[in-house]
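In: Have a look; sequence and predicted model below, questions after that.
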Amino acid sequence: MPRVQLPAVTPKRRAWNKGRLVGQKRPLLPKQVWAIRARLELAGNLRDLVLFNVAIDSKLRGCDLVKLRVTDLVGTGRVRERVSVIQSKTNRPVQFELTENTRDSVTNWIASPVMVGCCFMFPSRFHDRPHISTRQYGRLVRGWVVAIGLEPSGYGTHSMRRTKAAEIYRKTGNLRAVQLLLGHSKVDSTVRYLGVELEDALSIAEQIEI
């Protein structure tokens, strides 16, 4: 009796995003930035304060942020006002500024006993890792937003990257400036990243007279 070949059945896997909100993560508002910063300062959590401040100022992707070296931010005995790093995703350089508040927190952090002999700005507590992981960074961001009463599903590490960029765009409407600061090769990428809509474009156009 001939054997009947039955079609292979592939077991259904649970979708990775089932039950989760996906899509663009919201940038923080200025008042939310200050609320998180104040909590970290009051808690005396210097490492997280520096990580938060540098994340907002640098507008770096998480994978580049966690790999920052002390020498990236500090030169000739002082914290740099402007920093240039190579992005791992694009292999292109991007520059960013460090505000006075951020520079002060970095200065205090690198002078702390924890940082003696450390090459990376955010060293890992695990001996087999030279710096914190992007996953750990994500958990920290979640804790920050939850602490000020925000829904964590709407925020993530890209919220840190988008926060200052979104505020610059809101105040100036200068997409080219934001493009350069984010290290995007095309302005189209910046438009999509910021979620710029036609209404935004029209509002900007109405303010320009030639």
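Out: Perfect, I can see it now.
In: show me the contacts for the closest residue to residue 174 other than its chain neighbours.
Out: Leaving out its chain neighbours, the residue that sits closest to residue 174 by C-beta to C-beta, 6 or more residues apart in numbering is residue 168, at 7.2 Å. Every C-beta, even on glycine, is put in place using the N, C-alpha and C of the backbone. Neighbouring residues of residue 168 by C-beta atoms under 8 Å, 6 or more residues apart in numbering: 174, 177, 178, 181.
In: from these, which single one is nearest residue 36?
Out: For the contacts of residue 168, the residue nearest residue 36 by C-beta to C-beta is residue 181; the value is 21.1 Å.
In: That closest one is in contact with residue 57, isn't it?
Out: No. Contact status for residue 181 versus residue 57: not in contact, 10.3 Å apart, counting by C-beta atoms under 8 Å.
In: rewinding a little: please identify which helix or strand holds the residue nearest to residue 174.
Out: In this structure, residue 168 sits in helix 157-172 according to DSSP states H and E.
In: Can you name the next helix or strand after that helix?
Out: Once the chain leaves helix 157-172, the next helix or strand it forms, by DSSP H and E, is helix 175-182.
In: Check which helices and strands that following helix sits against.
Out: On a contact count with 3 or more C-beta pairs under 8 Å, 6 or more residues apart in numbering; DSSP states H and E, helix 175-182 meets strand 93-97, helix 157-172, helix 187-194.
In: Just name the most buried of the ones you listed.
Out: helix 157-172 (a mean of 20; mean count of other C-beta atoms under 10 Å).
In: which SSE is the nearest residue to residue 85 once chain neighbours are set aside in?
Out: Residue nearest to residue 85 in three dimensions, not counting chain neighbours: residue 72, with 5.8 Å by C-beta to C-beta, 6+ apart. For residue 72, the element it lies in under DSSP H and E is helix 70-73.
In: Quick check: buried residues in that helix?
Out: For helix 70-73, the neighbour count (16 or more other C-beta atoms under 10 Å) marks 70, 72, 73 as buried.
In: With respect to residue 123, which of those is nearest?
Out: residue 70 (9.7 Å).
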